[in-house]
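K.L.:
Show me how the following folds:
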Amino acid sequence: MRIGIMLKIGNIELDMPFFQGSLSGYTDEAMRSIARQFGSPLTLTGVMLDKTAACAKARRSLGLDVAKNEQPVAAQIMGATGEMMAKAAGALEETGFDIIDLNIACPAPKVLRRRRGGYLLKDPQRVRDIFLAVRGAVKCPVMMKLRIGYGGGEQSRDCFWQICENATGDGVDALVVHGRSVCQLYRGRADWEIIAEVKQRFPETIVIGSGDIYDAEEAIERIETYKLDGVLVARGAIGNPWIFSDLKALWKGDKKPEPATLAEQGEVILSHYDMISARRRHSKGVRYFRKFAARYCKRHPERKKAQLALMAAKTGDQLTASVKEWFGV
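P.N.:
Predicted coordinates:
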């Protein structure tokens, strides 16, 4: 049985070497809460633009502040200048976030057009300027989320390694590396060999791998095979918080829990929706929840029928009735 501190990011100590990653449009307060209930020792917000993060009113209106009893929780921010990113980081630390995560990875076209996120992988000096500005503005740990380059060429890879070298030399508390380039988006398979090479080149730095983690066995295999400090579970946790309880059991050497019954799944779905509907009233909450419902239905033996029924709901009462019918709650 493995016990004790398994992952340390600055002064934040986690008892498991895995946690829920940031997913724009998904990792709101509700999803983070459920991930914690099932065993994720740390959660991340969806990515926030620096201007939004720096404005308390904007954060509150979007539900991006720290929830009660949520710590430890990390805030992921994205921007193009050190000055604004530092302002955002300072505001988030003051609000109560325990870790600042710098997004130098997002491949969304609208992000790239504004020279943010993954676009910055072309510019190691700009990334360094942003990191140093943020590092000087906060006392809490600072992580950096990277992809393995902008494209697949030698120049892109050289820029990636320069960014890693700068960050480790300047005292980054953890590098979270997704094993695809920006241009790959989510196509193909993540390259974990390069993630392992980051750890080999910078053994004193906390290196956390990301990409294609959809079950607990695969996550543990990645840590052990590639000698990493931890793994990040992102898309694999949408509609599947059970991955965290599976991970927790297997990492401790216990037997993996029995799969959740349909009724147990239904209870989690209804709990998730209730949390969303508390902030997004009426049809807005139902529409927003559909992307979660579709993923929850993947575990159902009649997936397509259950999914169609939940997608057809236009009101909260209709959604609740469909969940109860198809999941036997």
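
K.L.:
List the residues that contact residue 151.
P.N.:
Listed by Cβ atoms under 8 Å, 6 or more residues apart in numbering, the contact partners of residue 151 are 181, 182, 183. All C-beta atoms are positioned from the backbone trio N, CA, C, and that covers glycine.

K.L.:
any idea whether the second one is helix, strand or coil?
P.N.:
Classification of residue 182 by DSSP: H, G, I helix; E, B strand; the rest coil places it in coil.

K.L.:
Can you give me the neighbour number for it?
P.N.:
26 (other Cβ atoms under 10 Å).

K.L.:
Ok, the last one next?
P.N.:
Neighbour count for residue 183, taken as other Cβ under 10 Å: 16.

K.L.:
tell me the pLDDT at the closest residue in space to it that isn't next to it in sequence?
P.N.:
Using Cβ to Cβ, 6 or more residues apart in numbering and skipping residues adjacent in sequence, the residue nearest residue 183 is residue 151, 4.7 Å away. pLDDT recorded at residue 151 is 94.

K.L.:
Helix, strand or coil: sort out residue 151 for me.
P.N.:
coil.

K.L.:
roughly how far apart are it and residue 167?
P.N.:
As judged by Cβ to Cβ, to the nearest Å, residue 151 and residue 167 stand 20 Å apart.

K.L.:
Residue 148 reaches residue 191, doesn't it?
P.N.:
Yes. Residue 148 is within contact range of residue 191, at 6.3 Å (criterion: Cβ atoms under 8 Å).

K.L.:
okay, and the common contacts of those two?
P.N.:
The contact lists of residue 148 and residue 191 share 179, 180, where a contact means Cβ under 8 Å, 6+ apart.

K.L.:
These two - which one has more neighbours?
P.N.:
Comparing residue 148 with residue 191 by other Cβ under 10 Å, the one with more neighbours is residue 148, at 27 against 17.

K.L.:
Return the residues in contact with that one.
P.N.:
Here residue 148 is in contact with 157, 160, 177, 178, 179, 180, 181, 191, 194, 195 (Cβ under 8 Å, 6+ apart).

K.L.:
repeat for residue 244
P.N.:
Residue 244 touches 18, 20, 35, 38, 39, 40, 233, 237, counting by Cβ under 8 Å, 6+ apart.

K.L.:
Among those residues, name the ones in strands.
P.N.:
Judged by DSSP state E, strands contain the following of those: 18, 20, 233.

K.L.:
any weak-confidence spans in this protein?
P.N.:
1-5, 63 (pLDDT under 70).

K.L.:
what residues go with each domain of it?
P.N.:
7-251, 262-327 (automatic domain parsing).

K.L.:
from the middle of its chain, how far away would the last one be?
P.N.:
It refers to domain 262-327. 22 Å (Cα atoms, centre = their mean, to the nearest Å).

K.L.:
same deal with stretch 8-23?
P.N.:
On the basis of Cα atoms, centre = their mean, stretch 8-23 sits 11 Å off its chain's mean C-alpha point.

K.L.:
Next, the distance between the ends of it.
P.N.:
22 Å (Cα to Cα, to the nearest Å).

K.L.:
just the strands in the stretch 1-150 of the chain please.
P.N.:
With DSSP state E, counting those that start in this stretch as the criterion, the stretch 1-150 of the chain has strands at 7-9, 12-14, 18-20, 43-44, 48-49, 73-78, 99-104, 142-147.
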